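Asks: Need the 3D shape of this:
(chains A and B)
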Amino acid sequence: MTAPAPQTQNFATGHIADPDHGQIVFTAAGCASCHAAPDATEADKLTLAGGHEFVSPFGTFYAPNISPGPQGIGGWSLDQFAHAVTQGVSPQGQHYYPAFPYGSYVHMSPTDVSDLFAYMKTLPVADQPNTPHDIGFPFNIRRSLGLWKQLYMPDSFVLTGDLTPEEARGRYLVEALAHCAECHTPRTPLGGLDRAAWLSGAPNPSGKGRIPNITTGALEWSDSDLIYYFESGLTPDYDSVGGSMAAVVTNLAALPAGDRAAIAAYLKAVPAIP
Amino acid sequence: MNIFSRKTIVLGICAGVIATASWADSHSAEKLNPAVAARHAQMQMIGYNIGILGAVAKGEMEYDAAMVASAAANLQALAKLDGATLWVAGTEQGATAGSRAKPEIWSDSAGFAAKFDDLAMASAALIGAADAAAVGAGMGDLGGTCKACHESYRGPKN
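Replies: Down below sits the predicted model:
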């Protein structure tokens, strides 16, 4: 029951991978924000050497090298890549820790996964070896993550019902690619997302302060305020974005304008939580 | 940080005086280190002028060539304030109340100064912006300079 599910076969069959579209998926998914070297700037951010440190109540995780070389995903097949990204299972058949947001990427469309893989194969190779996670008992037993997945791997989107095409695109961006809920939704004691409190804010796992509530129960920004913030990083008070969100805005600003509007439309449609 | 004109200095001082007064007004309970208070005033003035450009870009305020040019010129002047009296050693976050200045401001002072140069350049590019669309086009760069500097040199809230 806790063993990883068997590997997907023939993922996205018949789709001709488009690395250009893969770049948009890569940007929206924020891969480089965690997998680039911690001190990387500008163009170096596309060298996915890993090493970024994530402190959590369960221990410290280190982002792995996912560059297309021997230390990274160089020898992987598309099926292996898809299994890793959307199910959190390594090519060696081990569960990944959910610091890797596969609980969001599970919603990624097969063609997007295929395009993303094609794009990532065009990126520079890094030789940086991986740093082992520093996790204490019992969380260091990876098999136990099978139970975690049974509890917390979502089988549907949170926002359901009739959506406009724009809201649906926003839902895909927020709930799947950009994995906004990973920080903006509070977690249960076992580290799963509390879907009943979707996007209503949470303690900042990596430091002081709180990640804000971005439902209409607390967020009073207009659509144009939101879109403008995603584009320029400026709040309605003309303060600028800070903390981890700065890297997120850098990515959002690089997306097509319609995607920023879609995210705003989705946020206005999510249930308000005070 | 820069050589600048008498007009810039006067403008900068006026800006500082006005903003410090209003900041002091709203935060009368706290007694901030004067250099920290002056920096807040500088940031408030920057925010005020960016606000004018942002409102034009967002369509909340009608395009007005004189206002746009003034806001952009003010930003350029504010970016060129000489930092020696503002970024006084020993006023980093944790060392004095209300400060979110990271120690890197002092350990990497050249990098920090370059961020203000970036702001001055992005502001100068907006001085001749001929319509709301042109303002909008320049705002991405301008906002980017705020973000880049805050990312590297501003500490977390609380």
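Asks: Quick check: B:Arg39 touching B:Val88?
Replies: No - using CB atoms under 8 Å, B:Arg39 makes no contact with B:Val88, being 9.3 Å away. C-beta: built from backbone N, CA, C; applies to glycine.
Asks: which one of those two has more residues nearby?
Replies: For B:Arg39 versus B:Val88, neighbours defined as other CB atoms under 10 Å in any protein chain shown are more numerous around B:Arg39 (24 against 18).
Asks: ok, that one - contacts?
Replies: With contact taken as CB atoms under 8 Å, 6 or more residues apart in numbering or on different chains, B:Arg39 is in contact with B:Leu86, B:Trp87, B:Ala101.
Asks: ok, those vs chain A, which is closest?
Replies: Closest to chain A out of the contacts of B:Arg39 is B:Ala101 (13.3 Å), distances taken as CB to the nearest CB.
Asks: Kindly state the beta-bridge partners for the closest residue to B:Gly155 other than its chain neighbours.
Replies: Excluding its sequence neighbours, the residue lying closest to B:Gly155 (CB to CB, 6 or more residues apart in numbering or on different chains) is B:Gln93, at 4.1 Å. Taking DSSP bridges as the rule, B:Gln93 bridges to B:Thr96.
Asks: any idea how far B:Gln93 lies from chain A?
Replies: 11 Å (CB to the nearest CB, to the nearest Å).
Asks: Give the burial count for that residue, as a bare number.
Replies: Per other CB under 10 Å, the neighbour tally for B:Gln93 reads 17.
Asks: Which pLDDT value goes with it?
Replies: Here the pLDDT value assigned to B:Gln93 is 95.
Asks: Test my guess that it contacts B:Trp106.
Replies: No - counting by CB under 8 Å, B:Gln93 stays clear of B:Trp106, with 11.8 Å between them.
Asks: Mutual contacts of those two, please.
Replies: Common contact partners of B:Gln93 and B:Trp106 (CB under 8 Å, 6+ apart): none.
Asks: So what's the residue count around the residue of the stretch 1-150 of chain A found nearest chain B?
Replies: Closest contact between the stretch 1-150 of chain A and chain B, by CB to the nearest CB, is at A:Thr41 (9.6 Å). Applying other CB under 10 Å, we find 10 residues neighbouring A:Thr41.
Asks: how about it, what does it touch?
Replies: Applying CB under 8 Å, 6+ apart, no residues contact A:Thr41.
Asks: do the same with A:Phe230
Replies: Residues in contact with A:Phe230 (CB under 8 Å, 6+ apart) are A:Val249, A:Leu252, A:Ala253, A:Arg260, A:Ile263, A:Ala264.
Asks: run the last query once more with 10 Å
Replies: A:Phe230 is in contact with A:241, A:248-249, A:251-253, A:255, A:257, A:259-261, A:263-264, counting by CB atoms under 10 Å, 6 or more residues apart in numbering or on different chains.
Asks: and these near chain B, which?
Replies: Restricting the contacts of A:Phe230 to those adjacent to chain B (criterion: CB under 10 Å from any CB of the partner chain) gives A:Val241, A:Val249, A:Ala253.
Asks: Looking at the residues you listed, which is nearest A:Val106?
Replies: Closest approach between the ones next to chain B among the contacts of A:Phe230 and A:Val106, by CB to CB: A:Val249, at 24.9 Å.
Asks: Could you point out the helix or strand that follows the helix or strand where the closest one lies?
Replies: In this assignment (DSSP states H and E), A:Val249 forms part of helix A:245-253. Downstream of helix A:245-253, the first helix or strand assigned by DSSP H and E is helix A:257-269.
Asks: Only the C-alpha atoms, please, for that next one, written as CSV.
Replies: Extracted as CSV, the C-alpha positions of helix A:257-269 are listed here (Å, rounded to 0.1, in the frame of the first residue of the first chain):
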residue,chain,number,x,y,z
ALA,A,257,-0.1,38.8,-20.3
GLY,A,258,-3.2,36.6,-20.6
ASP,A,259,-1.8,34.3,-17.9
ARG,A,260,-1.4,37.0,-15.4
ALA,A,261,-5.0,38.1,-16.0
ALA,A,262,-6.1,34.4,-15.7
ILE,A,263,-4.5,34.1,-12.3
ALA,A,264,-6.2,37.3,-11.1
ALA,A,265,-9.6,35.9,-12.4
TYR,A,266,-9.0,32.6,-10.6
LEU,A,267,-8.2,34.4,-7.3
LYS,A,268,-11.4,36.3,-7.5
ALA,A,269,-13.3,33.0,-8.0
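Asks: Was I right to think A:Cys34 contacts A:Ile66?
Replies: Yes - between A:Cys34 and A:Ile66 there is a contact under CB atoms under 10 Å: 9.4 Å.
Asks: got any residues that touch both of the two?
Replies: Taking CB under 10 Å, 6+ apart as the criterion, A:Cys34 and A:Ile66 both touch A:Leu48, A:Gly50, A:Phe100.
Asks: Put the buried members of those into a ChimeraX selection.
Replies: Typed into ChimeraX, the next command selects the buried ones out of those (criterion: 16 or more other CB atoms under 10 Å in any protein chain shown):
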select /A:48,50,100
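Asks: Surely A:Val55 forms part of a strand?
Replies: Yes - under DSSP: H, G, I helix; E, B strand; the rest coil, A:Val55 sits within a strand.
Asks: Give me the most central residue, the chain.
Replies: You didn't pick a chain, so chain A it is. For chain A, A:His179 is the residue whose C-alpha lies nearest the centre (CA atoms, centre = their mean; 4.1 Å).
Asks: meant chain B, my bad for not saying
Replies: Nearest residue to the geometric centre of chain B (CA atoms, centre = their mean): B:Ile46, 3.6 Å.
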